[in-house]
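Asker: pasted the sequence and its predicted model underneath.
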Amino acid sequence: MGVTTAEWIYVGFLILCMQIFVTLTDKTVCSDYLVSGLDGLDDAKLTSSSNFGNNPLEHGPTNARLYLPTVWSWVAGANDVNQYIQVEFPGETDITAILLQGRNNYPFFQFVKSYYVLYSIDGVVWTSVTSQSQTPILFPGNSDRNTVVKSALVPSITAVYLRINPRSWNDFVSLRFDVSGCYNIQEKYIASEHYEKTQMLAPVDLVQYPVLNGNTRSLLECGKMCHQKESCRAFTFDKNQTICRDVTVGFTAQYSANSALKQCYVHKGIFTSLGFREFPNRLALYKINEQSLDQVGAADLCCQYYSQLIKVTSQPQMSSLQNIITGNDILLQANNQLFVSGMYASPDWKYSDGGEVMDNTLWAPDHPDPSHGHCVMLTLTGLASVDCSESLFSICG
């Protein structure tokens, strides 16, 4: 949310003089890459029927991560149709697609050409993904080593465990893979830590929101009142009218054309539950959306997260985001261009909210160029113009 530490409104010791305590919050993870994205799974969650040469270090399932840059992959211990690689998710997961890739190792041309998908809730009883005629679907695999082939599961399936069972292959049963979908987990967070300053879309007239107090002396007092009300997770304070309002319901409202951005303060636990992370300097929050959408879809997704496409306003901030991208194989190899705030409004490039002009020093070489498109993406060399209809990952903040 692009907010400095000094702008955080702390509750707990500083306001309520009460003990800070730890509680659990639901966190939803949605990604085109559930196995190896930013919220990817631990190695222990990847298992297999066998490994070539009984050598898990070089041929075990932990080498099956998509875009893994080494020469290894998962290679089965036998070339037969009884082999599988398995992934365990943190809980029941809505699975929408499988992504498959061969082994990255010239001169060997090892890849899986077709496969079955099996899934389970308990890891004991397994069900095959079948067609309407109830026969197992033979999914198409690869025809080379490095091209990623994505197969949608329509309808999606719900599973805790998933297996890929190769049925035909080139040279050896060998693959890298990932899975698209969503799951919910519970994470610990500091329940009384602080509220985060942000903006939300809300009706221009806020009178529909309940008043916590009509004669509030300060922003800190308003924050204390919200914290003491169990259901309050967001508040706004009108210092001119000294009115403190509970705007929690605004986060689930359906917005209309008669809406505007309103400043409010939101309990940080909400952002934690939505997957926001702190920058290394701990001065702001960001969320990388690992779902390929056009710019309108990306902006709408940020809005659903009570945020907006992030404003890249400084070189240190941009460098931090670029370091995050280069630190993950999925982002670095295949998704290193991400929508951020920015739009061409001739003759200037401005942030998407129509505000200030963007800093010219942040652009990549040969950018901005309206002929490339009227939206803005972050790349490894700086900000760049891009066609708004492109499908890219995005960053909220």
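Answerer: Received, thanks. Numbering: from 1, shown residues only.

Asker: pull out the buried residues from stretch 371-385.
Answerer: G373, H374, C375, V376, M377, L378, T379, G382, L383, A384, S385 (16 or more other CB atoms under 10 Å). In short, each C-beta sits where N, CA and C put it, glycine included.

Asker: which residues does it contact?
Answerer: The contact list for stretch 371-385, computed with CB atoms under 8 Å, 6 or more residues apart in numbering, reads 295, 312, 318, 321-322, 325-326, 336-344, 349, 358, 362-365, 367-370, 386-388, 390, 392, 395.

Asker: narrow those residues to those in helices?
Answerer: Cross-referencing the contacts of stretch 371-385 against helices under DSSP state H gives Q295, M318, L321, Q322, I325, T326.

Asker: most neighbours among the residues you listed, please name it.
Answerer: Most neighbours among those, by other CB atoms under 10 Å: Q295, with 26 neighbours.

Asker: ok, it - contacts?
Answerer: F339, C375, C388, S389, E390, L392, S394.

Asker: apply 6 Å and report the result again.
Answerer: Q295 makes contact with F339, C375, C388, according to CB atoms under 6 Å, 6 or more residues apart in numbering.

Asker: still on that earlier bit, quick check: of the buried residues of stretch 371-385, which lies closest to T96?
Answerer: M377 (24.5 Å; CB to CB).

Asker: separation between that closest one and K229?
Answerer: In this view, M377 and K229 are 41 Å apart by CB to CB, to the nearest Å.

Asker: and if you look at N165?
Answerer: From N165 to K229 the distance is 53 Å (CB to CB).

Asker: tell me which of these two has more neighbours.
Answerer: Higher neighbour count among N165 and K229: N165, with 22 against 14, using other CB under 10 Å.

Asker: what bridges to the more buried one?
Answerer: In this entry, N165 is beta-bridged to Y116, by DSSP bridges.

Asker: so what's it up against?
Answerer: So N165 contacts Y84, Y115, Y116 (CB under 6 Å, 6+ apart).

Asker: what's the neighbour count on the second one?
Answerer: Taking other CB under 10 Å as the criterion, the count of residues near Y115 is 29.

Asker: that one contacts I164, correct?
Answerer: Yes - the pair Y115 / I164 is scored as a contact, 5.3 Å apart, by CB atoms under 6 Å.

Asker: just to revisit the earlier point, now the contacts of stretch 371-385: which count as buried?
Answerer: 295, 312, 318, 321-322, 325, 336-344, 349, 358, 362-363, 367-368, 386, 388, 390, 392, 395.

Asker: so where is the chain shaky, pLDDT-wise?
Answerer: Within the chain, the segments meeting pLDDT under 70 span 1-26, 186-208, 230, 233, 248-272, 281-283, 306.

Asker: rerun that using 50 as the cut-off
Answerer: Residues of the chain meeting the criterion pLDDT under 50: 1-24, 189-194, 201, 203-204, 251-261.

Asker: check contacts around the spatially most central residue of it.
Answerer: Residue closest to the average C-alpha location in the chain (CA atoms, centre = their mean): N289, at 3.5 Å. Shown in contact with N289 (CB under 6 Å, 6+ apart): L301, F393, S394.

Asker: now distance to P140 too, for the residues you listed, in JSON lines please.
Answerer: Rendered in JSON lines, the data for the contacts of N289 read as follows (distance: CB to CB, whole Å):
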{"residue": "L301", "distance to P140": "29"}
{"residue": "F393", "distance to P140": "25"}
{"residue": "S394", "distance to P140": "29"}
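
Asker: any idea how far I85 is from W363?
Answerer: Taken as CB to CB, the span from I85 to W363 is 43 Å.

Asker: that older thread, can you tell me which of the buried residues of stretch 371-385 is closest to R103?
Answerer: Among the buried residues of stretch 371-385, and counting by CB to CB, the member closest to R103 is T379, at 28.9 Å.

Asker: quick check: beta-bridge partners of the closest one?
Answerer: Beta-bridge pairing of T379 under DSSP bridges involves G382.

Asker: and it, how far from L332?
Answerer: 12 Å.

Asker: with A298 instead?
Answerer: 20 Å.

Asker: the strand or helix carrying F235 pairs with which strands, and in what direction?
Answerer: Applying DSSP states H and E as the criterion places F235 in strand 234-238. Partners of strand 234-238 in the sheet, by DSSP bridges, are strand 243-246 (antiparallel), strand 259-267 (antiparallel).

Asker: tell me the buried residues in it?
Answerer: Under the neighbour-count criterion of 16+ other CB under 10 Å, strand 234-238 has A234, F235, T236, F237 buried.

Asker: A298 and L332: who's more crowded?
Answerer: Set A298 next to L332 and count neighbours by other CB under 10 Å: A298 wins out with 27 against 14.

Asker: let me see the contact set for the more buried one.
Answerer: Contacts for A298 were tallied using CB under 6 Å, 6+ apart; they are F339, S394.

Asker: what's it sitting at in phi/psi?
Answerer: Dihedral angles of A298 (phi, psi; degrees, to the nearest 10) stand at phi -70, psi -40.

Asker: can you count the residues close to I137?
Answerer: I137 has 13 nearby residues by other CB under 10 Å.
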